[in-house]
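**Student:** the sequence isn't on hand, but the structure is:
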């Protein structure tokens, strides 16, 4: 579904959203100048950090309050999620995250310290994206077929970096290895930035991560994407085939980005933030910058984000179960 709105459609959406806002909201928020902290569970320099900083700059203008980014890296976003659970539900702390922390971690960690359905309130989503396999500059492969041949020439065994342990990329490493008869070893990092750093230094021959983390390096030829998830090729890299094209099935359900608040956050804040996020995502320059980062821009209401999270969790619970992985 296109995210470009005509002037008439955009005006209608704003009018509808305004009707839904509680009475007295503007006056209540006009007197509240406390900063809103957007927590990000990954280090500065990665895709999630860049996205958070873009949205924070725009949201402050819509909300008329300072909006700051607070990086809390650790355990694939688990630390930030635990901090969100313990944060005061007063509209000063939110969490920008993607599928890994919200949908995957609770299935692969025996005691994650949070339950998204019980502890978080969705504020809205703004994009979907895909993961992909990229090779380092010192790895000669330019396609999946050449990569498979190269690994076999190394004795059939090689390592692939992943941005977090027990993540979607880790299970993709397993699926790729199984399909081509390779012994592929996932090497977990604390986020995509250090993983890509090692790839650029040829300390690891390949990595799997989100397109938005790889895209600038792909454009400059410093890494080469050789396959991406999803049912269609990405507009930002149309020459890279999908894993569907390469014979992988059942991987059409795309990862997503959203923003959550602690459970119990006041309805007026939820409505105000959702209204602001909708307006920001509709802005042409935001749409373009998010698209340039490799995202497919798609505003999701709190209810739509909740439904997408549940559906995605169901798909990957089956993949995780079939892999034989046991929560640790």
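**Tutor:** Thanks, I have the structure now. As the structure is a prediction and not an experimental result, all values here were calculated from the model.
**Student:** pop the domain breakdown of the protein in here.
**Tutor:** The chain breaks down by automatic domain parsing into domains covering 7-129+254-323, 131-228.
**Student:** of those domains, which is nearest residue 241?
**Tutor:** Closest approach to residue 241 among the domains of the chain (CB to CB): domain 131-228, 6.0 Å. C-beta coordinates here come from the backbone N, C-alpha and C atoms, glycine included.
**Student:** which of the domains of the chain sits closest to residue 244?
**Tutor:** Nearest to residue 244 among the domains of the chain is domain 131-228 (9.6 Å), distances taken as CB to CB.
**Student:** all strands for this protein, in order.
**Tutor:** 36-40, 67-71, 93-98, 120-128, 131-135, 157-162, 183-188, 206-210, 224-228, 256-262, 296-300 (DSSP state E).
**Student:** give me the below-cutoff pLDDT ranges for the chain.
**Tutor:** Applying pLDDT under 70 to the chain flags residues 1-31.
**Student:** what residue lies at the spatial centre of it?
**Tutor:** Nearest to the geometric centre of the chain sits residue 98, at 3.4 Å (CA atoms, centre = their mean).
**Student:** list the contacts of it.
**Tutor:** Applying CB atoms under 8 Å, 6 or more residues apart in numbering to residue 98 gives the contacts 48, 129, 210, 255, 256, 257, 258.
**Student:** closest to residue 156 out of these?
**Tutor:** Lowest distance from residue 156 to the contacts of residue 98 (CB to CB) belongs to residue 210, with 27.6 Å.
**Student:** wait, that closest one touches residue 47, no?
**Tutor:** Yes - in this structure residue 210 lies within contact range of residue 47 using CB atoms under 8 Å: 5.6 Å.
**Student:** shared neighbours, these two?
**Tutor:** Joint contacts of residue 210 and residue 47 (CB under 8 Å, 6+ apart) are 192, 294.
**Student:** please enumerate the helices of the stretch 101-250 of the chain.
**Tutor:** With helices called from DSSP state H, counting those that start in this stretch, the stretch 101-250 of the chain shows them at 105-108, 116-119, 144-153, 168-180, 192-200, 211-219.
**Student:** is residue 48 in contact with residue 42, as I believe?
**Tutor:** Yes - using CB under 8 Å, residue 48 makes contact with residue 42 at a distance of 4.9 Å.
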